[in-house]
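Participant: just coords:
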């Protein structure tokens, strides 16, 4: 790695520009690639943008050829049209005696380029990732461990109770997997809502996760039902109208986000997957499938697409698709169990993930229906 040179760093108001060079070998030529970097300071973070502006091809350090972006008109020799192509350029000097090749001498340094090790890349906004890690005491460890729980923390409001439960469960040997993390997370959320002892390892690190999950979800459903009955008796008509108006706003907000998917049908001839159209459909799905898709308000998640897989009109599994990475987050049947059609449903949704992406990125409603046999 070459030596840093401070005179390759320039200040322009709040933004910062700098140059750096990558050196590599192509056949008998030594190739230097000059990049111009921009640093944009924010309140808590710094954002960077890089663009390649010059390439120098030389043989034994002489007879150099220069390819670069097209220069703009004017007296400045380092101003380019970034949308132009890399073409052969003359190394001429301006009236001040500066030439294009001088840019290679004011870079921070030369960095030899070599083939690196491929590492996994997360489809997460760096600014959002920094906010999560900063505000959550356990999120950084979960992110470094590649724990499946990190995805759930990312899309949920920060909760000290849930983070404490995660620490206790890991301390008592509970193993989080891609299959049980969503069930465990929903269980702990229900425990917090019914004021259960979330510090008890018997509950947060259970031997039978599914039965413990069902226990606290039923408690939360009973509590919700009691609260609804108490509200209906105690509140006046104006308060009741206010609650109905809030429920209507929630339902309208969900329909506005998901109406573009109403015409989408994913099918292989036997199984059909359709998006749940409104909040009432979530209630019906939860009552028949005996899980917590309605109780835990999945319809309020902005980046989760909830679909119902059916065979001949009969519900088989409920699928949750992550609209940021376009992957399947979970798919379960009755009582959060896998069905005999689970793998076929997962393969169907993965096969047609591009169709989901097309509907999600489309700005206007389409009438396309995917039917593949």
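Facilitator: It's in. Computed from a predicted model, the values in this text were never measured in an experiment.

Participant: Using the record's assignment, carve the protein into domains.
Facilitator: 6-112, 126-226, 256-361 (automatic domain parsing).

Participant: Of these, which shows the lowest average pLDDT?
Facilitator: Ranked on mean pLDDT, the bottom entry among the domains of the chain is domain 6-112, at a mean of 71.

Participant: Residue 46: neighbour count?
Facilitator: Residues within reach of residue 46, counting by other C-beta atoms under 10 Å, total 9. All C-beta atoms are positioned from the backbone trio N, CA, C, and that covers glycine.

Participant: Could you say which helix or strand holds the residue lying closest to it once chain neighbours are set aside?
Facilitator: Using C-beta to C-beta, 6 or more residues apart in numbering and skipping the chain neighbours, the partner closest in space to residue 46 is residue 39 (5.8 Å). Following DSSP states H and E, one finds residue 39 within strand 29-41.

Participant: Output the contacting helices and strands for that strand.
Facilitator: Contacts defined by 3 or more C-beta pairs under 8 Å, 6 or more residues apart in numbering; DSSP states H and E place strand 29-41 against strand 15-26, strand 46-59.

Participant: Tabulate the domains of the chain (TSV), appending distance to residue 242.
Facilitator: Below are those laid out as TSV (distance: least, C-beta to C-beta, whole Å):
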stretch	distance to residue 242
domain 6-112	37
domain 126-226	18
domain 256-361	17
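
Participant: returning to what we had before: hmm, residue 45 and the residue nearest to residue 46 touching each other?
Facilitator: No - the pair residue 39 / residue 45 is not scored as a contact, 10.8 Å apart, by C-beta atoms under 8 Å.

Participant: Quick one: the helices in this structure, in order.
Facilitator: 126-135, 139-144, 149-154, 160-171, 181-193, 201-204, 209-234, 237-258, 279-289, 342-351, 353-361 (DSSP state H).

Participant: Mind putting those into TSV with distance to residue 335?
Facilitator: Putting those into TSV (distance: least, C-beta to C-beta, whole Å) gives the following:
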stretch	distance to residue 335
helix 126-135	31
helix 139-144	27
helix 149-154	20
helix 160-171	22
helix 181-193	10
helix 201-204	19
helix 209-234	7
helix 237-258	25
helix 279-289	8
helix 342-351	14
helix 353-361	27
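
Participant: Mind putting the ones you listed into a markdown table with mean neighbour count and distance to residue 34?
Facilitator: Listed next are these as a markdown table, based on neighbours: other C-beta atoms under 10 Å; distance: least, C-beta to C-beta, whole Å:
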| stretch | mean neighbour count | distance to residue 34 |
| --- | --- | --- |
| helix 126-135 | 14 | 25 |
| helix 139-144 | 17 | 35 |
| helix 149-154 | 21 | 38 |
| helix 160-171 | 18 | 46 |
| helix 181-193 | 22 | 46 |
| helix 201-204 | 18 | 55 |
| helix 209-234 | 14 | 56 |
| helix 237-258 | 12 | 45 |
| helix 279-289 | 17 | 55 |
| helix 342-351 | 16 | 42 |
| helix 353-361 | 15 | 35 |
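
Participant: Between the ones you listed, which one is closest to residue 331.
Facilitator: Nearest of these to residue 331, taken as C-beta to C-beta: helix 342-351 at 6.0 Å.

Participant: Could you list the residues in contact with the closest one?
Facilitator: Under the criterion C-beta atoms under 8 Å, 6 or more residues apart in numbering, residues 266-268, 270-271, 273, 307, 309, 316-317, 319, 321, 328, 331, 333, 339, 356, 372 lie in contact with helix 342-351.

Participant: Sort out which of those are buried, if you could.
Facilitator: Buried subset of these (neighbour count, 16 or more other C-beta atoms under 10 Å): 266-268, 271, 273, 307, 309, 316-317, 319, 321, 328, 331, 333, 339, 356.

Participant: Return the member of those nearest to residue 219.
Facilitator: Checking these against residue 219 by C-beta to C-beta gives residue 333 as the nearest, at 22.5 Å.

Participant: how near is that closest one to residue 48?
Facilitator: 46 Å (C-beta to C-beta, to the nearest Å).

Participant: cool, residue 347 as well?
Facilitator: In terms of C-beta to C-beta, residue 347 sits 39 Å off from residue 48.

Participant: Kindly report the same for residue 186.
Facilitator: From residue 186 to residue 48 the distance is 38 Å (C-beta to C-beta).

Participant: next one: residue 71
Facilitator: 24 Å.

Participant: again, but for residue 55
Facilitator: Taking C-beta to C-beta, one finds residue 55 at 21 Å from residue 48.

Participant: neighbour-wise, which of the two wins?
Facilitator: Higher neighbour count among residue 55 and residue 48: residue 55, with 17 against 11, using other C-beta under 10 Å.

Participant: Report the beta-bridge partners for the more buried one.
Facilitator: residue 33, residue 67 (DSSP bridges).

Participant: Help me confirm that it comes into contact with residue 35.
Facilitator: No - look at residue 55 against residue 35 with C-beta under 8 Å: they stay out of range, at 10.4 Å.

Participant: my read: residue 353 touches residue 323, true?
Facilitator: No - counting by C-beta under 8 Å, residue 353 sits too far from residue 323 to count as a contact (10.6 Å).
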